[in-house]
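Peer 1: just a sequence and a predicted model for now, questions to come.
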Amino acid sequence: MSKQILILPGDGIGPEIVAEAVKVLMCLRAEYGLHLDIYEALVGGSAYDEHGHPLPEETLRLAHDCDAVLLGAVGGPQWEPLHISVRPEKGLLGLRSELGLFANLRPAILYPQLAAASTLKPEVVAGLDLLIVRELTGGIYFGRPRGVETLASGERQGINTLVYTESEIERICRVAFDLAGKRGNRVCSVDKANVLECTELWREVATRVGTDYPDVELSHMYVDNAAMQLVRAPKQFDVVVTTNMFGDILSDCAAQLTGSIGMLPSASLNAEEKGMYEPIHGSAPDIAGKGVANPLATILSVAMMLRYSLDEPTHAERIERAVSDVLDQGLRTADIAAAGTQTVGTAQMGDAVVSALRASAG
Ligand code: NAD
C-alpha cells in the first residue's frame with residue numbers, strides 16, 4: 001500500500017533542504033519501488049504570509065491524514081514582531097500537540113569521517129552513538145498555573161508548573177526501553193529527584209516500567225550530573241530518557257558533541273508511531289537562499305521516518321549508507337568542510353546522495 005507523506009518546507013533554508021530530501025524519496029520510489037504519495041503544504045512564517053496563520057486548517061488536515069510529516073524549519077527575523085499567537089513557532093507547537101507527538105527522539109551520532117568537527121577530543125567522541133528520548137507534550141512547558149501576575153505589593157511574579165501524571169511518565173519510558181532493546185540495551189533516566197517531587201515520581205515510575213524489560217539495564221542520573229557526564233564521557237550513554245525541559249537542554253548539548261548541527265535528524269512520535277521528522281537546526285536565515293545549507297540532517301530525517309513510522313528499515317539503512325558513502329568521497333557542505341575535502345552546495349550534496357543510492361541499486 002502506498003505511504004502518504006506530507007512535506008512542510010517551512011521558512012528560511014527549509015525549502016532548499018527539503019527539496020534535496022524529496023529527491024532522495026523520489027529515487028527510492030524510482031529505483032527501489034518504494035510506494036509513496038507526496039503532499040505539500042505551508043507552515044510557519046510562509047503560511048502566515050499566505051493565510052494569516054502559521055498552521056492553516058488545510059495543513060493540519062493533511063498532517064492528520066498522512067502517515068508521516070517531513071518538516072524543514074520555521075521562523076525568521078521578519079516574523080519576530082508578530083504577536084506570539086501567530087508566530088511561526090506556533091505552527092510547530094500546534095502540530096506537536098494536535099498530533100499528540102509526545103516522544104521526541106534525537107540521536108547524536110558522530111560519523112567517523114567528521115570526528116575532527118567536534119570541539120571535544122576525537123578519542124572522547126569517536127564512535128559516539130547515543131539517543132535522547134525527550135518527553136515533548138507535558139512537564140513545565142505546558143503545566144498550569146503559568147504566567148506573570150502582580151502581587152498585592154505591586155511586585156510581579158512569574159509562575160510555571162512542573163507536572164507529570166504517572167501515565168505520561170510510563171508511556172515515554174516505554175518508548176525508551178523499547179528503543180534500547182533494539183540498540184545497546186541500556187537506559188539512563190535523568191531527573192532531579194533529590195529536589196523535585198515530580199521527578200521523584202518520574203524515578204519511581206521509570207523503575208517500575210524497567211521491571212518489564214529485564215534485558216535492558218536501567219540507571220538513574222541527576223540532570224546536573226548528566227550535563228557534566230555528556231561532555232566528560234558521552235560514550236557511556238546508550239538511550240537517555242528525560243522530561244521535556246531537561247531533554248530540551250541535554251539534547252542540544254549532545255548535538256553539539258558532534259560539532260555539526262547540519263547533520264542531526266529528529267523524530268517526534270505519537271502513540272500510533274505516526275511521526276513528524278525534522279532536522280534539529282532552525283531556518284538559518286543568515287544563509288537562506290544562498291544554496292550552501294547542509295541538507296544531510298533532513299535527508300537523515302527521512303531515514304528515521306522510514307524506520308519509525310513507515311516500517312521500511314531497509315530503505316532507512318540505504319539512505320544512511322549513501323550519506324556515509326558521500327562523506328567517504330570527501331564531499332562536504334561549508335558547515336562541515338575541513339582541509340582536504342571538497343566543498344559543495346546544497347543541491348550538489350543532495351545529488352551526490354541520490355547518486356550513491358543509485359549506485360548501490362546496481
Ligand atoms: P539555526 O539552527 O537556524 O542556525 C544556527 C547556526 O547554524 C546559523 O549560523 C546557521 O547558518 C547554521 N545552520 C543551521 N542549519 C544549518 C544547515 N543545515 N547547514 C549549514 N548551517 C546551518 O538557529 P537560530 O539562528 O537560532 O534560529 C534561526 C531561526 O530558526 C529562528 O527564527 C528560530 O526561531 C528558528 N528555529 C526553528 C527551529 C525549527 O523549525 N525546528 C528550531 C530552532 C530555531
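Peer 2: On my side now, so go ahead.
Peer 1: what's the local residue count around residue 146?
Peer 2: Look at residue 146: counted by other CB atoms under 10 Å, it has 12 neighbours. Bear in mind the C-beta positions are built from the backbone N, C-alpha and C, glycine included.
Peer 1: ok, it - contacts?
Peer 2: Residue 146 makes contacts with 159-161, as judged by CB atoms under 8 Å, 6 or more residues apart in numbering.
Peer 1: and it, that's in a helix?
Peer 2: No - secondary structure assignment (DSSP: H, G, I helix; E, B strand; the rest coil) places residue 146 in strand, not in a helix.
Peer 1: ok, back up a step: what's the closest of the contacts of residue 146 to the ligand?
Peer 2: Set against the ligand, the nearest of the contacts of residue 146 by CB to the nearest ligand atom is residue 160 (20.0 Å).
Peer 1: paired strands for the host helix or strand of that closest one, with orientation please.
Peer 2: Residue 160 is located in strand 156-161, with elements delineated by DSSP states H and E. According to DSSP bridges, strand 156-161 forms sheet pairs with strand 143-150 (antiparallel).
Peer 1: list the buried residues in the strand it pairs with.
Peer 2: residue 143 (16 or more other CB atoms under 10 Å).
Peer 1: average pLDDT for that strand?
Peer 2: Averaged over strand 143-150, pLDDT sits at 96.
Peer 1: who's in contact with whatever residue of the stretch 151-300 of the chain ends up closest to the ligand?
Peer 2: With CB to the nearest ligand atom as the measure, residue 282 is the residue of the stretch 151-300 of the chain nearest to the ligand, at 2.4 Å. Listed by CB under 8 Å, 6+ apart, the contact set of residue 282 reads 12, 73-75.
Peer 1: which members of these additionally contact the ligand?
Peer 2: Restricting those to those within reach of the ligand (CB under 6 Å from any ligand atom) leaves 73-75.
Peer 1: show me these that map onto strands.
Peer 2: residue 73 (DSSP state E).
Peer 1: any idea which of the ones next to the ligand among the contacts of residue 282 is closest to the ligand?
Peer 2: residue 75 (2.6 Å).
Peer 1: the strand holding residue 160 - what's its average pLDDT?
Peer 2: Computed over strand 156-161, the average pLDDT equals 97.
Peer 1: then stretch 201-210?
Peer 2: Mean predicted lDDT for stretch 201-210 stands at 98.
Peer 1: which residues sit against that stretch?
Peer 2: 164, 166, 169-170, 173-174, 177, 187, 189, 191, 193, 216, 218, 220, 241, 243.
Peer 1: any idea how many residues pack against the nearest residue to residue 252 once chain neighbours are set aside?
Peer 2: Leaving aside its chain neighbours, residue 252 sits nearest to residue 280 (8.0 Å; criterion: CB to CB, 6 or more residues apart in numbering). A count of nearby residues for residue 280, using other CB under 10 Å, gives 21.
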